[in-house]
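Chemist: structure of the sequence below:
(2 chains)
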Amino acid sequence: MDQAKLDSLARGGIQAADALERFMGSDALLERFLKRFLEDATYSSLCQAVEAGDWQQALAASHTLKGMCGNLSMTELYDLFTRQVALLREDKPADAAALMPAIEAAYRRAADAIGQL
Amino acid sequence: MDTEQTQALQAAVRPERGLLLIVDDDEINCAILENLFAPYYDTDTAENGRAGLDRVLERQDDLCAILLDVMMPEMDGIQVLRCLKEYGLLEKIPVFLITAEASGEVMKEAYALGVMDVIGKPIIPYMVLRRVQSVVELFQARERLSNVVELQQADLLAQAKQIIELNKGMIEALAAAIEFRSEESGDHVRRIHDITTYLLTHTPLGDGLSPIEIKQIALGSIMHDVGKIAVPDAILNKPGKLTPEEFEVMKSHTVQGARLLEQIPQLRENGAYPYAWDIARHHHERWDGRGYPDGLKGDEISLAAQIVSLADVYDALSCKRVYKDAFPREKVLEMIRSGDCGSFNPRLLECFFQVEGELAKLYQHPCKED
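Modeler: Residues are numbered from 1 along each chain as shown, chains lettered A, B, ... in the order given. So this is what the prediction gives:
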């Protein structure tokens, strides 16, 4: 993966060099899963669950997203989902919901960066 | 051990590539782990706990490790662990928990259940690889070692069996060689062995004796006449009646036999030795004390020596010998019952007559003389 791509992904909160190491240097595999991340329904499932106040569903979705972002080294989102999962576990749904704007903004930035690949 | 068995065991000893099962509902995580481990192991994935458990039960003999996520639909990782423990599989297959939620409680339960290691998500490839490989190698080495030990044990057992067979063969050969001198076939010692064994295993005479003791007595019975090697041919093969002097020489085969056995150090260490010695020396003693060489009486004569002396008489009467023809069965039984060949323990005779019908089958074909 060239430097321009790496920089572009970094602006989207994605530490691609880090993630590549996890994929044993396979650009193709990383790109495939980054694109898959955008198609994944879990993010919209989280938004719906928070809106509907279904906190169990929200926890499941947030946890799944945390795992994905961790593996893809999407550090900004990963940190946000980590906090959200913890808040939901501590039974603080209002605080967890309050993270949604920040999550949405980070998600947009990441999606833009991946879209440019 | 035959070739086929050896090959099967060698196959078991050979280190295998092994199957690594990844149980995780996170597709990315599965892909990362598969990609990481594919160069070293065959890999398979399952997308939830239940599917994972089914796969484990299906392929338990091929699995070298299981990587298990905790939070999964259907059945979570801890539930899977509990089932694996119940099946006793955690001792056979190392399980690694791969989790982002390494909370104190989950970790504590996982380790208590017998998980090998808990690895945090997102994974760090070189670390996961090393931690998993070390444990898999350990398990495989342990398995290999136990297979090698098993192989060696089988070899040793086969060798021991061979040595025992050889021993028995040598003893039979020695006894038969002596019989050949007295122009009998080797069948006599084999029948004495069989009659002794039969009386000890099918009548109350063997009560209180272990199967090993019975084997040792039977082995000892084979050597009852080894002392005849010290008796000159002219006496041993004399067709007519022996003179009193000749008879004294003939009688010495009992004492000579015991002495001969004393000279074999390896035999002295064998469990059959005390029986063999006693039988060789005392198989011509009689219940009323009129036998030889020691004139023992009644229970002074061991049961083993009593049985062999009766078997010896029975066999001698039933077959043609250099000094006599074979007697018909009725005549044999009458001679034994009336004490023509010396007196025997009444209890021994009772047991003998109970099973004589079976023993007589040994003589359905005329005794071989060649």
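Chemist: neighbours around the residue in chain A positioned nearest to chain B, how many?
Modeler: Per C-beta to the nearest C-beta, A:Gly70 is where chain A lies closest to chain B, at 3.4 Å. No exception for glycine: its C-beta is placed from N, CA and C like everyone else's. Residues contacting A:Gly70 under the criterion other C-beta atoms under 10 Å in any protein chain shown number 25.
Chemist: now do the helix or strand harbouring it: distance to the chain's middle.
Modeler: If you go by DSSP states H and E, A:Gly70 is part of helix A:55-71. Here helix A:55-71 shows a centroid-to-chain-centroid distance of 9 Å under the convention C-alpha atoms, centre = their mean, to the nearest Å.
Chemist: what of stretch B:220-227?
Modeler: That offset, for stretch B:220-227, works out to 25 Å (C-alpha atoms, centre = their mean).
Chemist: for chain A, where's the lowest mean pLDDT among helices and strands?
Modeler: Lowest on mean pLDDT, DSSP states H and E among the helices and strands of chain A sits helix A:3-11, with a mean of 86.
Chemist: that helix and chain B in contact?
Modeler: No: shown here: helix A:3-11 not in contact with chain B (C-beta under 8 Å from any C-beta of the partner chain), separated by at least 15.8 Å.
Chemist: what about the helices in chain A?
Modeler: A:3-11, A:16-22, A:27-39, A:42-52, A:55-71, A:75-89, A:93-98, A:100-115 (DSSP state H).
Chemist: picking that back up, helix, strand, or coil at the closest residue to the residue of chain A closest to chain B other than its chain neighbours?
Modeler: The shortest distance from A:Gly70 to any non-neighbouring residue, by C-beta to C-beta, 6 or more residues apart in numbering or on different chains, is to B:Pro122 (3.4 Å). Recorded secondary structure, B:Pro122: coil (DSSP: H, G, I helix; E, B strand; the rest coil).
Chemist: looking at it, B:Pro122 is touching A:Ser73, isn't it?
Modeler: Yes: here B:Pro122 reaches A:Ser73: they are 7.3 Å apart, a contact under C-beta atoms under 8 Å.
Chemist: got the end-to-end distance for stretch A:89-98?
Modeler: Using C-alpha to C-alpha, to the nearest Å, one end of stretch A:89-98 lies 15 Å from the other.
Chemist: what residues sit buried inside it?
Modeler: A:Pro93, A:Ala96, A:Ala97 (16 or more other C-beta atoms under 10 Å in any protein chain shown).
Chemist: output the below-cut-off pLDDT ranges for the chain.
Modeler: Picking chain A for this. For chain A, no stretch has pLDDT under 70.
Chemist: should've been chain B
Modeler: B:1-16, B:102, B:182-185, B:365-370.
Chemist: go again using 50 as the cut-off
Modeler: B:1, B:13-15, B:369-370 (pLDDT under 50).
Chemist: in contact with the closest residue in space to A:Gly53 that isn't next to it in sequence, which residues?
Modeler: Nearest non-adjacent residue to A:Gly53, counting by C-beta to C-beta, 6+ apart: A:Pro93, 7.3 Å away. Shown in contact with A:Pro93 (C-beta atoms under 8 Å, 6 or more residues apart in numbering or on different chains): A:Gly53, A:Trp55, A:Ala58, A:Leu87.
Chemist: restricted to buried residues, select the residues you listed in ChimeraX.
Modeler: To isolate the buried members of those in ChimeraX, using 16+ other C-beta under 10 Å:
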select /A:55,58,87
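Chemist: pick out the most distant pair among the contacts of A:Pro93.
Modeler: A:Gly53 and A:Leu87 (14.5 Å; C-beta to C-beta).
Chemist: re the thing from before, between B:Pro122 and A:Ser73, which contacts overlap?
Modeler: A:Arg22.
Chemist: quick one: contacts of stretch B:342-352?
Modeler: Outside stretch B:342-352, the residues that reach it (C-beta under 8 Å, 6+ apart) are B:199, B:203-205, B:286-288, B:290-291, B:298, B:303, B:306-307, B:309-310, B:313-314, B:336-337, B:359.
Chemist: same thing with stretch B:159-175?
Modeler: Contacts for stretch B:159-175 (C-beta under 8 Å, 6+ apart): B:Gly186, B:Val189, B:Arg190, B:Leu219, B:Ile222, B:Met223, B:Asp225, B:Val226, B:Asn270.
Chemist: just how off-centre is it within its chain?
Modeler: With C-alpha atoms, centre = their mean, you get 15 Å for stretch B:159-175.
Chemist: cool, stretch A:24-39 as well?
Modeler: 13 Å.
Chemist: buried ones in that stretch?
Modeler: Counting neighbours by 16+ other C-beta under 10 Å, stretch A:24-39 gives A:Met24, A:Leu29, A:Leu30, A:Glu31, A:Phe33, A:Leu34, A:Phe37 as buried.
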